[in-house]
Structure formats: C-alpha cells, structure tokens
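**Q** With the sequence up front, the predicted model follows.
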Amino acid sequence: MVEKRTPIAVSEAVKRVMKYAAAGEKETVEIENACGRYLAEPLMADHDVPAFDRSPYDGFALRAEDTDGLSSSNPGRFEVIGQIGAGSVFNGTVGPNQAVRIMTGAQIPEGCNAVIMLELTKEIGSSIEIKRSLIKGENISFKGEDTQKGTVLAERGTLINAGIVALLATFGYKNVPVARKPVVGVLATGSELLDIDEPMQPGKIRNSNTYMLLGQIERAGGKPIYLGKLDDNLEECYKAVAEAMEKVDILITTGGVSVGDYDYLPAIYEKLGAEVLFNKIGMRPGSVTTVAQSNGKLLFGLSGNPSACYVGFELFVRPVLRTNLFNTRPHLRKARARLALDFSKANPFTRFVRGTLQYDEAGTLSAAPSGFDKSSAVSSLASADVLIVLPGGTRGYQEGMLVDILLLEDQNGSEWPWENIVASYK
Ligand SMILES: Nc1nc2c(c(=O)[nH]1)N[C@H]1C(S)=C(S)[C@@H](COP(=O)(O)OP(=O)(O)OC[C@H]3O[C@@H](n4cnc5c(N)ncnc54)[C@H](O)[C@@H]3O)O[C@H]1N2
Ligand code: MOO
Ligand SMILES: [Mg+2]
C-alpha cells in the first residue's frame, strides 16, 4: 500500500521549519572582503559626519555680516589672509573684512560663517572683490549634518553592500564583524543523473538541481558544498547522508522524497532516527518537499523536479539561512502586482508560479509567468525574478487581477509574508 500523506498549509510548514532556525556565529573579515556578507553587530556612528564644519565649494570663507548690503553697485573688498586645501586647517582667526581662500572639503576657519564660490569673486592683488551679500551659514556643510554620533546606521543582519562598506570605512572598521556563512551541503540522488560533462545517454538527464542549488545557497548568503550525486540505492544513500550530516550545518538532498519505488529519503530519515516535520504541503510545485531534523540539524528533502526544488529552497531553506545570518526579515519580500496573463488552471493547492516582473509605463508592476509552468520545468527558472502566489481553491485567475508576489532577487526580505495571502485584491 502506498503511504497516504496529509498535506499541511505552506505557512504551517514554514513555521515548523523556523522552530529550528537560529542565529549563527560571528567572525571578522577585512573590509575588502566584507561586501556580500551580513553584519554581525549593529553599525553605529561613533562620531559626527562630517566631523567638522567644512566647505562644499572651492571659494573664500569669510564673515557673512561683512557682506551686508553688498551689490554690483556697492562691491566690498576682503583681504585674503590665508589659503587652505582639504586636509589643512587654518591657524588663526578671521576678522572683519578678511577672507581665507578655501577648497572643497577643508575645515571652515575660526571666525568664518559663510563661503562664497570662486566664480563669484574677483581677485585684485591680495584682495578679493564681492558684489553680493551672504547669509550666515551660507555654503557651509555643518558638523553632523550627514550623520550624528550615536545613530544606528544599519542593524545586525544587514547585507553589506557598497553603501554599507562606505559607512564601515567612514567609521574605521578595518576588520568587520560578520556572520559566519552557514555551510550547506547538497547531495543529489537519482540513478538517471549524469555529470554535467558527460554526453547524453538514453533515459538519462544531467544533474542540474545541484548547480541551481549552489547558486541559490550563495544568493541566500550560505556557503555551498557539493557532496556529489548518488544512485538510487538505499545503503549508499543512507551512508552518504549520515556522513554528510557530520560536515555541514544544513543538508539538502534533491530527489527521492516521493512515494516511488526508488524514493529512499523517507527510509533514510527513519534509519537515522530523524524526526520528519512534514512530508506533504498544499503547494505546487513542491508538494512533496520534506523536512526532517536530527539533533536540531535540518535535513531538507527537496523534490527532484527542478521547479519544485527551486521553490522549496526559496520558501524553506532561505529563511533558515538568513536567520542564521542574524537577519530579522528572513523570508522573501512580499509585494503586489497585476497578473499580466490569464492563469486559468484551477488547483486545490497554492501555486507558486515562476514569474517575471514587468515595470509598466504607468508605474504599476505586473508579473507574467516566466515560461513553461510545470514542476518538472527547468526553462522557466532562468528569467524568474518573482514567485507569483496563487492561492488554491479558485477557478483560476484573470489578467489584471492584483496578486501577491514574492521577490527572488530583493535583499530587504519580509518578517513574515504568510498573513493575509488572499486569492486576489480588488
Ligand atoms: N504516485 C505519485 N507520484 C508522484 C507524486 C505523488 O504524490 N504520487 N508526486 C509527484 C510530484 S508532485 C513530484 S514533485 C515528484 C517528486 O519526486 P521526487 O522528489 O521523489 O524526485 P525523483 O522521483 O527522484 O525525481 C523527480 C524528477 O526530477 C528529476 N530529477 C531528479 N534529480 C534531478 C537533478 N539533480 N537535476 C535535474 N532533475 C532531477 C528526475 O529525473 C525526475 O524526472 O514526484 C511526482 N510523482
Ligand atoms: O511537488 Mo510536485 O512539485 O507538487 O509537482
Ligand atoms: Mg520520486
């Protein structure tokens, strides 16, 4: 008798997995290698930026009050008593009708409260002539105007991008505390699988899931390890899974989780004494996605079907990885878009259609299926940047309906996208 599995809701499956998601460990890397990593501590401004009042222009620093009433018919003269470039400081105090020639980025000299651009002055010997008045504070970049000391500029768990790197450098982080990358092993199962450099053979296919998963693990912030591919042989697979568990933080297998004669993962979980958290989800693709835990370590049994494997990773593995990286918005970011095409297939299960986002001229977002929409499809993954969420139990969806989408390439994430998923929005 074939085992009868009871599907659970996607949100319930995610919840069960997230019980085993935990913050990871810290390490430090040199700032040159920090891009793409996740902050292990909040990034706090330990001084004002700028740290001193400075000039935003090449010009002359002077006292605004000395320019009162100046105009083209009533020009004023200022004695130039010094000259400073960025990095130099004027020693002394600027008095009435005096000016210091100052370059962009240089500290405003003592006594000055305004800057006039070079182009608006005329040099006459060691003096300048000015034909306009300035107000106090004109053309000054004030201390702390960009960021004030004590401000938290990025939370722990933030992805370090070029902008964050600029801040890290501003505040003197030669070494950056980052989350250690969780090590994720990938084992492919299936006697039909060829290595990618093998010629095609009757009845065989190339192992594409492994390489797809390595890319997904990288995108999620983990450290992928390819642990090989295995024939459908219970003993061989059991041994490989047991050994792999010793080497990794998280283990992903692909294939062999359904009810077929050669689907050995259920037997392997049993032999390992692992607790199966679920083995059927009310979703398409990926209904057979199975997750087990052994001593708190997660084993993701993703489907062999490429689209199901891809979706299973994004919904269940990604949030565990991001949580490990200290991120508090670990799930795919949810947004809404108009359906660009009819999607008439009815389904009792929630569908996650691989889709492509389109930015319409009017400024609205729309999402279209990115290609052949079957669990076994590989071609529709290439241009997918969203998963279009189509809850089950409807008669299908029409073009123009407002639906939820989950963004695959976005880094912001969602805290919990699974509330209020409705069939379509008015
Ligand atoms: N009687 C039933 N049959 C099936 C059910 C079911 O409920 N009852 N579920 C179907 C669904 S839904 C899916 S999804 C698949 C899941 O199968 P498995 O996860 O057990 O995976 P396999 O049987 O090993 O392979 C499925 C499919 O994927 C191809 N594959 C496997 N590994 C790779 C790889 N590394 N790269 C590319 N493609 C891969 C494999 O050749 C098969 O075509 O089961 C349905 N059946
Ligand atoms: O799990 Mo299967 O992917 O639902 O098609
Ligand atoms: Mg199978």
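**A** Sure thing, it's come through. Ligands and ions are numbered 1, 2, ... in the order given.
**Q** alpha carbons only for contacts and neighbour counts from here, please
**A** Noted.
**Q** correct me, but D404 touches V389?
**A** Yes - contact between D404 and V389 holds when scored by CA atoms under 8 Å: they sit 5.5 Å apart.
**Q** quick one: which of those two has more around it?
**A** In this view D404 and V389 are compared by other CA atoms under 10 Å, and D404 has more residues nearby, 26 against 23.
**Q** Assumed the more buried one was part of a strand.
**A** Yes - per DSSP: H, G, I helix; E, B strand; the rest coil, D404 lies within a strand segment.
**Q** how about the residues of this structure near ligand 2?
**A** With CA under 6 Å from any ligand atom as the criterion, the chain comes near ligand 2 at residues R284, P285, G286, S287, V288, A308, S375.
**Q** Run through the residues of the stretch 251-400 of the chain sitting next to ligand 1.
**A** Taking CA under 6 Å from any ligand atom as the measure of proximity, the stretch 251-400 of the chain contacts ligand 1 at 254-259, 263, 286-288, 303-306, 308, 375.
**Q** circling back to that earlier point, dump the residues of the chain next to ligand 2 into JSON lines; add pLDDT and distance to A179 as well.
**A** As requested, the residues of the chain next to ligand 2 are exported to JSON lines (pLDDT from 0 to 100; distance: CA to CA, whole Å):
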{"residue": "R284", "pLDDT": "96", "distance to A179": "33"}
{"residue": "P285", "pLDDT": "97", "distance to A179": "32"}
{"residue": "G286", "pLDDT": "97", "distance to A179": "30"}
{"residue": "S287", "pLDDT": "97", "distance to A179": "32"}
{"residue": "V288", "pLDDT": "97", "distance to A179": "32"}
{"residue": "A308", "pLDDT": "98", "distance to A179": "29"}
{"residue": "S375", "pLDDT": "94", "distance to A179": "34"}
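**Q** Helices - which of those land there?
**A** Those of these mapping onto helices are A308, per DSSP state H.
**Q** What is the nearest of the residues of the chain next to ligand 2 to P182?
**A** For these, the residue nearest P182 by CA to CA is A308; the value is 23.0 Å.
**Q** and the closest one, what is it in contact with?
**A** R284, P285, G286, S287, T289, L302, S375, S376 (CA atoms under 8 Å, 6 or more residues apart in numbering).
**Q** For burial, what's the neighbour tally of the second one?
**A** So that's P285. For P285, the neighbour count with other CA under 10 Å is 28.
**Q** ok, it - contacts?
**A** When contacts are counted by CA under 8 Å, 6+ apart, P285 touches S307, A308, V311, R351, F352, K374, S375.
**Q** buried subset of the residues of the stretch 251-400 of the chain next to ligand 1?
**A** By neighbour count, with 16 or more other CA atoms under 10 Å, these hold 254-258, 263, 286-288, 303-306, 308, 375 as buried.
**Q** And those, which two are furthest apart?
**A** Applying CA to CA across those, the maximum distance is between D263 and S375, 17.1 Å.
**Q** Model confidence for T394, exactly?
**A** At T394, the pLDDT value in this model is 85.
**Q** what's near enough to touch the residue nearest to it when sequence neighbours are not counted?
**A** Once flanking residues are discounted, T394 sits nearest to A346: 6.2 Å by CA to CA, 6 or more residues apart in numbering. If you count contacts by CA under 8 Å, 6+ apart, A346 has them with G392, G393, T394, R395, G396.
**Q** got it, and D263?
**A** So D263 contacts D232, G255, G256, V257 (CA under 8 Å, 6+ apart).
**Q** Going by the annotation, which residue ranges form each domain of this structure?
**A** Domain assignment for the chain, taken from automatic domain parsing, gives 10-26+180-324, 29-48+153-179, 59-130, 333-407.
**Q** Can you give me the end-to-end span of stretch 84-102?
**A** Terminal residues of stretch 84-102 are spaced 5 Å apart (CA to CA, to the nearest Å).
**Q** Ignore what I typed, I meant stretch 272-290.
**A** End-to-end distance for stretch 272-290: 15 Å, by CA to CA.
**Q** Quick one: mean pLDDT for stretch 241-258?
**A** On average, stretch 241-258 scores 98.
**Q** Can you mark which positions in that stretch are buried?
**A** For stretch 241-258, burial by neighbour count (16+ other CA under 10 Å) applies to 241, 244-245, 248-258.
**Q** ok, now stretch 412-425?
**A** For stretch 412-425, by 16+ other CA under 10 Å, it's N412, G413, S414, W416, P417, A423, S424.
**Q** Looking at the residues you listed, spot the one nearest ligand 1.
**A** Distance ranking of the buried residues of stretch 412-425 against ligand 1, using CA to the nearest ligand atom, places A423 first at 21.9 Å.
**Q** thought the closest one was touching Q398?
**A** No - contact criterion CA under 8 Å: A423 and Q398 do not qualify, at 11.2 Å.
**Q** Quick one: name the residues of the stretch 101-250 of the chain near ligand 3.
**A** Counting by CA under 5 Å from the ion, the stretch 101-250 of the chain comes close to ligand 3 at no residue.
**Q** could you pull out the strands for the stretch 101-250 of the chain?
**A** Applying DSSP state E, counting those that start in this stretch to the stretch 101-250 of the chain gives strands spanning 114-117, 121-124, 127-130, 152-154, 175-179, 183-189, 193-194, 205-206, 223-230, 250-254.
**Q** which strands and helices sit next to the fourth one?
**A** Contacting strand 152-154 under the criterion 3 or more CA pairs under 8 Å, 6 or more residues apart in numbering; DSSP states H and E are the following elements: strand 43-44.
**Q** ok, now the first one?
**A** With contacts defined as 3+ CA pairs under 8 Å, 6+ apart, strand 114-117 has these neighbours: strand 59-62.
**Q** C-terminal to the strand it packs on, which secondary structure element comes first?
**A** With elements assigned by DSSP states H and E, the helix or strand that comes after strand 59-62 is strand 76-84.
**Q** about what we covered before: for the contacts of D263, could you give me JSON lines that also reports secondary structure?
**A** Output for these, formatted as JSON lines (three-state DSSP):
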{"residue": "D232", "secondary structure": "coil"}
{"residue": "G255", "secondary structure": "coil"}
{"residue": "G256", "secondary structure": "coil"}
{"residue": "V257", "secondary structure": "coil"}
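**Q** Of these, which is the nearest to E138?
**A** Among the contacts of D263, and counting by CA to CA, the member closest to E138 is G255, at 67.7 Å.
**Q** The closest one and ligand 2, how far apart?
**A** 10 Å (CA to the nearest ligand atom, to the nearest Å).
**Q** ok, for that residue, nearest residue in space, not its chain neighbours?
**A** G304 (3.5 Å).
**Q** In contact with that neighbour, which residues?
**A** By CA under 8 Å, 6+ apart, the residues touching G304 are N209, T254, G255, G256, V257.
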